[in-house]
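Engineer: A predicted structure for the sequence below; I have some questions about it.
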Amino acid sequence: KNQVEQSPQSLIILEGKNCTLQCNYTVSPFSNLRWYKQDTGRGPVSLTIMTFSENTKSNGRYTATLDADTKQSSLHITASQLSDSASYICVVRERRDSSYKLIFGSGTRLLVRP
Amino acid sequence: NAGVTQTPKFQVLKTGQSMTLQCAQDMNHEYMSWYRQDPGMGLRLIHYSVGAGITDQGEVPNGYNVSRSTTEDFPLRLLSAAPSQTSVYFCASSYRGTGRRDTEAFFGQGTRLTVV
């Protein structure tokens, strides 16, 4: 069964510190991997999207890495801010031309404290 | 540019009642889909559509119907609400993309549904 597993489930860090969130997937065939940020009570918003040929992609203080061989991805947040408090969701798209199936991880809930 | 608009934002239903969750997008996206989000679980696909007049089932379709008469709208109907359908529902849309290229999925703000 295609799955996306994220760790840790939750994380508390102090403002200004860095952190790294992990994502392991078993989705095959693989098309691309996305990281979303979901604020409480809001819909997910895209941070990055990477194909299997991309190893790293940055979006401001967010840097995502992808190792398609080991089927692992990470999201690194630099110099965290209070506004980074949210759930971060790893999403993998199956490579099926006729469909658009996204498989979601259950997310990592990040709390940034002053 | 409103993006993806969902209504209502909150709804309480009694068991057995029916209702329709509305979803509209103004980006001329081909793909639209409905997900439910439950505590401790990833978003799960209910139904999706690859274009007007075309719909298909996702992972958890039972108890829900959809239709896609226009590109812009993709309503989700609960036929006979059950407490197990208490959840947060998200609508999403995106361009189709070609080959390895892909485009981002845009999500609505969600509808929080409680069935009592």
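Structural biologist: Alright, I've got the coordinates. Numbers count the residues shown, from 1 in each chain, chains lettered A, B, ... in the order given.
Engineer: Kindly state the beta-bridge partners for residue 49.
Structural biologist: Let's take chain A. Listed by DSSP bridges, the beta-bridge partners for A:I49 are A:R34.
Engineer: meant chain B actually
Structural biologist: With DSSP bridges as the criterion, B:S49 is bridged to B:M32.
Engineer: who touches it in this structure?
Structural biologist: With contact set as C-beta atoms under 8 Å, 6 or more residues apart in numbering or on different chains, B:S49 has these partners: B:31-33, B:55-56, B:66, B:68, B:74. Any C-beta I mention is one placed from the backbone N, CA and C, and that applies to glycine too.
Engineer: Among the residues you listed, the buried ones, what's the ChimeraX command?
Structural biologist: Burial among the contacts of B:S49 is assessed by 16 or more other C-beta atoms under 10 Å in any protein chain shown; the matching ChimeraX selection reads:
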select /B:31,32,33,55,66,68,74
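Engineer: Nearest to chain A, out of the contacts of B:S49: which one, please.
Structural biologist: B:Y31 (5.0 Å; C-beta to the nearest C-beta).
Engineer: Quick one: residues in contact with stretch B:10-29.
Structural biologist: With contacts defined as C-beta under 8 Å, 6+ apart, stretch B:10-29 is touched by B:1-8, B:32, B:34, B:71-83, B:89, B:91, B:93-95, B:106, B:108, B:111-116.
Engineer: A:I12: neighbour count?
Structural biologist: Burial measure for A:I12: 11 neighbouring residues, criterion other C-beta atoms under 10 Å in any protein chain shown.
Engineer: Is it in a helix, a strand, or coil?
Structural biologist: State at A:I12, reduced to three classes by DSSP: H, G, I helix; E, B strand; the rest coil: strand.
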